[in-house]
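# Curious how this folds, go ahead:
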Amino acid sequence: MFNYQIMTRLNETGVFTWTSQERAWLRMMMEHPAAQEALSPETWAKLNHMLDGEQHLNLQDYLTEKAKSEESSVSHPLLRPLRQIILEGQGFQMTGRIRSGRTSQEQFGFPYKLEYSMVKKEWYVLWYAPHFGRLMSTKLHSITKLEARSIKPEAASRYKASIALLTEKRKTSLTIEVLPEFNTELSRILYAFSSFERQVEYNETQQIYRILLTVSRNEIDYVLSKMRFLGKRVRIINDTALQERMSETAAKVLARYEQSESAQVEHETTAQAD
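Below is the predicted model:
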């Protein structure tokens, strides 16, 4: 609880703390070819200067890579121009490929976020389509042409208000309870949900932590995957539908092992009879 309070207060004041291991990891990442593609020359030079005295993290000393799949670039040429468009509050005119194989011509949009999918290993731009009043998501590799378009400040304010309203409508909340015997692992559990909006409540009488997550509805499956990863440390409360989904998953996993054990018993019985 003490550690969590410290981190919360630091976040509220805008102070960012990092460990020596994190600084060493960042130094190693700065040596990756994609770092110079993703960052401006000034930012890349500044970070390298800040990390000049840090230890070198040599993963080869204790990690061995085997059967590695082909590695695609984690950067993209459109990242920097899109980031600049978002920072300046501009719009864009975009031409790109869509699922049916056709090409969408000169669509106007207002971008507000860049996201990287760890599962698909792809960058996406999230944008608002004023003509349709919808939030859109487009893979960067699907974009064939992109040009910045200046828009008036009042129009940008309207678009941002619409984005906030639509994003809020897509959100849902769920409460996750940490089992008391795993309270010492709170930092690890919070880290698993670090990409979501979260609040932590502590019941001192029962010594129970409860984490209130606010997530987009299309991210529920990702939350459940994190729940499975944490296993018996956490449980969902106050959401019957998600509890049933977790229960169904657990039942299916157990059924596989039960079938395996039954087959083994049958095999042993047959062998003894022979």
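# residue ranges for the strands of the stretch 151-274 of the chain, please.
Assignment of strands within the stretch 151-274 of the chain using DSSP state E, counting those that start in this stretch yields the ranges 171-178, 197-203, 208-216, 234-237.
# Now the second one: average pLDDT?
Taken as a whole, strand 197-203 has a mean pLDDT of 89.
# Same check on stretch 210-222?
Per-residue scores along stretch 210-222 average to 90.
# Can I get that stretch in PDB? Just the C-alpha atoms.
Provided in PDB are the C-alpha atoms of stretch 210-222 (Å, rounded to 0.1, in the frame of the first residue of the first chain):
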ATOM      1  CA  ARG A 210      -9.900  -3.900  -5.500                       C
ATOM      2  CA  ILE A 211      -8.900  -2.600  -9.000                       C
ATOM      3  CA  LEU A 212     -11.500  -0.700 -10.900                       C
ATOM      4  CA  LEU A 213     -10.700  -0.900 -14.600                       C
ATOM      5  CA  THR A 214     -12.200   1.400 -17.300                       C
ATOM      6  CA  VAL A 215     -11.700  -0.100 -20.700                       C
ATOM      7  CA  SER A 216     -13.100   0.000 -24.200                       C
ATOM      8  CA  ARG A 217     -15.600  -2.700 -25.000                       C
ATOM      9  CA  ASN A 218     -13.400  -4.100 -27.800                       C
ATOM     10  CA  GLU A 219     -10.500  -4.600 -25.300                       C
ATOM     11  CA  ILE A 220     -12.500  -7.000 -22.900                       C
ATOM     12  CA  ASP A 221     -10.900 -10.100 -24.500                       C
ATOM     13  CA  TYR A 222      -7.400  -8.600 -23.800                       C
END
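# buried sites along that stretch?
I211, L213, V215, I220 (16 or more other Cβ atoms under 10 Å). For the C-beta atoms, the positions are set from N, CA and C on the backbone; glycine is no exception.
# how much space between the first one and Y257?
Relative to Y257, I211 is positioned 30 Å away (Cβ to Cβ, to the nearest Å).
# what does A35 give?
Distance, A35 to Y257, by Cβ to Cβ: 45 Å.
# Could you do T43 as well?
51 Å.
# for the stretch 101-250 of the chain, what spans make up the helices?
Taking DSSP state H, counting those that start in this stretch as the criterion, the stretch 101-250 of the chain contains helices spanning 153-170, 186-192, 220-230, 240-273.
# nearest to K121, of those helices?
Closest of the helices of the stretch 101-250 of the chain to K121 is helix 220-230, at 15.3 Å (criterion: Cβ to Cβ).
# so how far is that closest one from its chain's centroid?
Taking Cα atoms, centre = their mean, to the nearest Å, one finds the center of helix 220-230 at 12 Å from the center of the full chain.
# Same check on stretch 90-103?
24 Å.
# cool, and stretch 10-18?
On Cα atoms, centre = their mean, the centre of stretch 10-18 falls 20 Å from that of its chain.
# average model confidence for it?
Stretch 10-18 comes out at a mean pLDDT of 75.
# Then stretch 91-100?
Stretch 91-100 comes out at a mean pLDDT of 84.
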